[in-house]
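K.L.:
Take this sequence and fold it.
(4 chains)
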2 protein chains.
Amino acid sequence: MAQSTKERLLETGMALLLERGYHDLGIQALLEETGTPRGSFYHHFRSKEDFALEVIDRYMAEVHEGLDACLGDTAAPPTVRVRRFFELSGEKYRREGYLGCLLGGLGQELSGVNEVFRERIETCLSEIAGRIADCLEEARAQGEIPADSSPTEMANVLLNCWEGAALRSRLWRSPKPLTQVLDFYFGSVTAEGRVS
Amino acid sequence: MAQSTKERLLETGMALLLERGYHDLGIQALLEETGTPRGSFYHHFRSKEDFALEVIDRYMAEVHEGLDACLGDTAAPPTVRVRRFFELSGEKYRREGYLGCLLGGLGQELSGVNEVFRERIETCLSEIAGRIADCLEEARAQGEIPADSSPTEMANVLLNCWEGAALRSRLWRSPKPLTQVLDFYFGSVTAEGRVS
DNA sequence: ACCTACAAGTAGACCGGTCGGTCTACCGAA
DNA sequence: TTCGGTAGACCGACCGGTCTACTTGTAGGT
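P.N.:
Residues are numbered from 1 along each chain as shown, chains lettered A, B, ... in the order given. Purely as a prediction, here's the structure:
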């Protein structure tokens, strides 16, 4: 068997959750899409909520892979590495038809109702922001950005703006908001306050 | 009667849609919350979808009121007026318990599944961006921002970043992402590239 | 080599509850 | 008497979740 039943459910589930959101995606639809009987689903997952949380785990694993690949490349200046990570994410969005970010989607939909999801997704985002902040701290140390910058704050602002652009890109079905926000952010971060 | 049944449904519905989202909010819950019989609801609205669209209309009416109040104040410089509009929105979010923006919430949840909502919400956002762009055009004409700026693009970037901050503020239940993004945006827009 | 025993996973009928929506009856003001 | 609006019983469809039966793969005893 090329792929286990559980993996198939998680992979297809990730795509369906991104497209349809949590409440609009029924177990039934997922089972039909993957040709899985009901019993198998509940053998592998305690509940729909448990399933979605595992999908998020899988999503985060992919994100960390992307972060490893981009931020670890010490040949490039830190701010360039950070930008590359977002450009890589934008590439992924394109392949998916510009449906935005799963964390943003589930976060918006569920954070008003379900505390478990709210905390989990917030944790994921601050984890990502943390790794970006580490890289921006390098940029600060190397003088690429002003010495009085706050890498943590800058990373969070960047990530939040990116999530907003991802939402707009989902509405617009276009990469434009994504590239615009990167141009704006890195344009101002790396040029701001420079004399000469 | 202080408030007609329809108004009561729309007002309460707006709050409930913001908190719970579209799919998680059942007609039943809305009826119980407002003490309305089922028949009244379907007398005033063709369907749940029609209801939500009217809620969006009502929301947009409020947004335009805010825009009128802030952008019309010609005593202040244009960029200050724009900032005031977002600060006013932030005040509103605070009163609601930092649940973010209704357009962002419904946009994320529904734009992958329902074309009607996707187009409507995208139209709303570009309408808002358009009014902000007009004000930024004034700023450009007055030399407050560089002459080679693109007000439309700047307005869209600002609005998108704001929506992202609103999402994070919803997850975080805090105003911090909102104030951070405004400080960053207006800090770089009004200071960028200035010599002396 | 063969039988047994057991567990992991597959299969789908079935459950109570809730969903959005319809329908008829009723009410009160013009 | 008409008509905008209220009232709530009722409908089929679908929801997430449970249950039992079956199929497999395999470890262990003889």
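K.L.:
Whether the lengthiest helix in chain A contacts DNA strand D - can you check?
P.N.:
Counting by DSSP state H, the longest helix found in chain A is helix A:115-141. No: Helix A:115-141 stays clear of DNA strand D (C-beta under 7 Å from any atom of the strand), getting no nearer than 12.3 Å. The way it works is simple: take the backbone N, C-alpha and C, and place the C-beta from them, glycine included.
K.L.:
go on, stretch A:37-52?
P.N.:
Yes: using C-beta under 7 Å from any atom of the strand, stretch A:37-52 reaches DNA strand D at A:38-39, A:42, A:47-49.
K.L.:
Can you tell me which of those are classed as buried?
P.N.:
For these, a neighbour count by 16 or more other C-beta atoms under 10 Å in any protein chain shown gives the buried set as A:Lys48.
K.L.:
Of the residues of stretch A:37-52 next to DNA strand D, which belong to helices?
P.N.:
A:38-39, A:42, A:48-49.
K.L.:
State the pair within those that is farthest apart.
P.N.:
A:Gly39 and A:Glu49 (18.7 Å; C-beta to C-beta).
K.L.:
can you tell me how far the residue in chain A that DNA strand D sits nearest to sits from A:Tyr42?
P.N.:
Closest contact between chain A and DNA strand D, by C-beta to the nearest atom of the strand, is at A:Gly26 (3.0 Å). As judged by C-beta to C-beta, to the nearest Å, A:Gly26 and A:Tyr42 stand 14 Å apart.
K.L.:
do the same with A:Leu17
P.N.:
For A:Leu17, the distance to A:Tyr42 - C-beta to C-beta - is 18 Å.
K.L.:
still on that earlier bit, burial count for the residue of chain A closest to DNA strand D?
P.N.:
12 (other C-beta atoms under 10 Å in any protein chain shown).
K.L.:
Give me the buried positions along the helix or strand of chain A with the lowest mean pLDDT.
P.N.:
Ranked by mean pLDDT, DSSP states H and E, the weakest helix or strand in chain A is helix A:176-191, scoring a mean of 95. Residues A:177-178, A:180-182, A:184-186, A:188-189 are the ones in helix A:176-191 that count as buried (16+ other C-beta under 10 Å).
K.L.:
Restricting the selection to alpha carbons, write that helix to PDB.
P.N.:
Provided in PDB are the C-alpha atoms of helix A:176-191 (Å, rounded to 0.1, in the frame of the first residue of the first chain):
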ATOM      1  CA  LYS A 176      -1.200  40.200  -5.800                       C
ATOM      2  CA  PRO A 177      -1.900  40.900  -2.100                       C
ATOM      3  CA  LEU A 178       0.900  38.600  -1.100                       C
ATOM      4  CA  THR A 179       3.600  40.100  -3.300                       C
ATOM      5  CA  GLN A 180       2.400  43.600  -2.400                       C
ATOM      6  CA  VAL A 181       2.700  43.100   1.300                       C
ATOM      7  CA  LEU A 182       6.200  41.600   1.000                       C
ATOM      8  CA  ASP A 183       7.300  44.500  -1.200                       C
ATOM      9  CA  PHE A 184       5.900  47.000   1.200                       C
ATOM     10  CA  TYR A 185       7.300  45.300   4.400                       C
ATOM     11  CA  PHE A 186      10.800  44.600   3.200                       C
ATOM     12  CA  GLY A 187      10.900  47.900   1.400                       C
ATOM     13  CA  SER A 188      10.300  49.900   4.500                       C
ATOM     14  CA  VAL A 189      12.200  47.600   7.000                       C
ATOM     15  CA  THR A 190      15.400  47.700   5.000                       C
ATOM     16  CA  ALA A 191      15.300  51.300   3.900                       C
END
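K.L.:
from chain A, which residue is nearest to DNA strand C?
P.N.:
Closest point on chain A to DNA strand C, by C-beta to the nearest atom of the strand, is A:Gly39, at 2.1 Å.
K.L.:
Please identify the residues of chain A in proximity to DNA strand C?
P.N.:
Neighbours of DNA strand C within chain A, by C-beta under 7 Å from any atom of the strand: A:4-5, A:36-40, A:42-44.
K.L.:
Summarise which helices and strands the least confident helix or strand of chain A is packed against.
P.N.:
helix A:78-95, helix A:151-172, helix B:151-172, helix B:176-191 (3 or more C-beta pairs under 8 Å, 6 or more residues apart in numbering or on different chains; DSSP states H and E).
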